[in-house]
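Engineer: I would like to see how this sequence folds:
(one chain, ligands or ions: 2)
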Amino acid sequence: MSNASFSDRLVDRLAQAARVTVLTGAGTSAESGIPTFRDPDGLWEQFDPQELANVNAFLENPALVQGWYAHRRKLAQDTEPNPAHHALAQLEQHLDGFTLVTQNVDNLHQRAGSDDVVELHGNITRNHCIDCERSASDDEMEAIAEGEPARCPTCDGYIRPDVVWFGEMLPQEALQRAQEAATQAEVFLSVGTSAVVHPAAGLPLTAQQHGAYLVEVNIEDTALTDTADEILRGQAGAVLPPLAEAVATRRSTA
Ligand code: NAD
Ligand code: ZN
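Structural biologist: Ligands and ions are numbered 1, 2, ... in the order given. This next block holds a predicted model:
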């Protein structure tokens, strides 16, 4: 099926599953006004994210990369979680064995009330010194003088965001939890992700190979569309709330 209305079978499966795993990507935050890497982002339009989000770019021009992250941090802090984030927090409340894995770094799932978020790519609200690893507060980051890189007050090292850059390893504990949750899932939802950035992109397929019912929520086709068992075509913020509501009702009347 390929429309935004979900099947009864999906509601049953979600309500009865011992393990449900969700993977979210940048599309989940798009309705909060946070651009994906494919959407043009006004101020920073002339830069390719791939050319900023890597350690070489950072070492070459730390102030530039810090400035891009300061901009993204402010966007995230100045916006609100959308109905998709809230619906996923609601599903966590109603289901046992629920694991939310995200590629997003914007902290919006946490702000929507999801308690236990597996952060595959880190979190933009945290920063640390690249030399002594001391964490740096927002205030210290805000103190950056125009064009000057923010440095560690203890050792003078550059301060970087706690995010995973292109070419870097994912945090091993988070990746392991995500892989376990994928392997054990009876239902796996892939929400607002183009499913091309590995290893996260492998999680839905791992889940399906281990027997999960694989559901895609996206506004357009992705690499996963051909393999998914059910496709919910539409905005995550429109598709997920009625689904979470239906699952909550099914659980309470079961
Ligand atoms: P992506 O940009 O590659 O793909 C976004 C997907 O979301 C697309 O398939 C698009 O069709 C879909 N989409 C857009 N709006 C949607 C909506 N309202 N509802 C449902 N789907 C929608 O994003 P990705 O797969 O997450 O990979 C990009 C990488 O960039 C990730 O590693 C992530 O860490 C990083 N990133 C994060 C943020 C964030 O934290 N909000 C923002 C931009 C990029
Ligand atoms: Zn330091």
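Engineer: helices and strands around the lowest-mean-pLDDT helix or strand in the chain, which ones?
Structural biologist: When each helix and strand of the chain is scored by mean pLDDT, DSSP states H and E, helix 138-142 comes last, with a mean of 71. Counting contacts by 3 or more CB pairs under 8 Å, 6 or more residues apart in numbering; DSSP states H and E, helix 138-142 is packed against helix 62-77, strand 122-129. For the C-beta atoms, the positions are set from N, CA and C on the backbone; glycine is no exception.
Engineer: could you dump the ones you listed to a markdown table with mean pLDDT and distance to ligand 1?
Structural biologist: Listed next are the helices and strands packed on helix 138-142 as a markdown table, based on pLDDT from 0 to 100; distance: least, CB to the nearest ligand atom, whole Å:
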| stretch | mean pLDDT | distance to ligand 1 |
| --- | --- | --- |
| helix 62-77 | 94 | 7 |
| strand 122-129 | 96 | 7 |
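Engineer: got these as TSV, with mean neighbour count columns?
Structural biologist: Shown next, in TSV, are the helices and strands packed on helix 138-142 (neighbours: other CB atoms under 10 Å):
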stretch	mean neighbour count
helix 62-77	18
strand 122-129	19
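Engineer: nearest to Ala17, of these?
Structural biologist: strand 122-129 (27.7 Å; CB to CB).
Engineer: what's that closest one packed up against?
Structural biologist: Against strand 122-129 (3+ CB pairs under 8 Å, 6+ apart) you get helix 62-77, strand 135-136, helix 138-142, strand 159-163.
Engineer: that strand: partners in the sheet, and parallel or antiparallel?
Structural biologist: strand 135-136 (antiparallel), strand 159-163 (antiparallel) (DSSP bridges).
Engineer: tell me which of the ones you listed sits most buried.
Structural biologist: strand 159-163 (a mean of 21; mean count of other CB atoms under 10 Å).
Engineer: thinking again about what came up before, what about the least confident helix or strand of the chain and ligand 2, touching?
Structural biologist: No - under the criterion of CB under 5 Å from the ion, helix 138-142 makes no contact with ligand 2; the nearest approach is 11.0 Å.
Engineer: which residues touch that helix?
Structural biologist: By CB atoms under 8 Å, 6 or more residues apart in numbering, the residues outside helix 138-142 that reach it are Gln66, Ala70, Arg73, Thr125, Asn127, Ala150, Pro153, Ile159.
Engineer: the nearest residue to Ala63 once chain neighbours are set aside: how many residues sit nearby?
Structural biologist: Ranked by CB to CB, 6 or more residues apart in numbering and with sequence neighbours excluded, the top spatial neighbour of Ala63 is Pro149, at 4.5 Å. By the criterion of other CB atoms under 10 Å, Pro149 has 18 neighbours.
Engineer: gap between Pro149 and Ser194?
Structural biologist: Pro149 sits 32 Å away from Ser194, going by CB to CB, to the nearest Å.
Engineer: ok, residues contacting stretch 157-177?
Structural biologist: 50, 53-55, 58-59, 62, 65-66, 69, 73, 99, 101, 105, 118-124, 126-132, 135-136, 140-141, 149-152, 199-200.
Engineer: Ala87 against Ala246, yeah?
Structural biologist: No - Ala87 lies out of contact with Ala246 (CB atoms under 8 Å); the separation is 10.7 Å.
Engineer: who has more neighbours out of these two?
Structural biologist: A count of neighbours by other CB under 10 Å puts Ala87 above the other of Ala87 and Ala246, at 23 against 17.
Engineer: spit out the contact partners of that one.
Structural biologist: Neighbours of Ala87 in contact, by CB under 8 Å, 6+ apart: Gly237, Leu240, Pro241, Leu243, Ala244.
Engineer: quick check, the second one in contact with Leu88.
Structural biologist: Same thing as Leu240. Yes - contact criterion CB under 8 Å: Leu240 and Leu88 qualify, at 6.6 Å.
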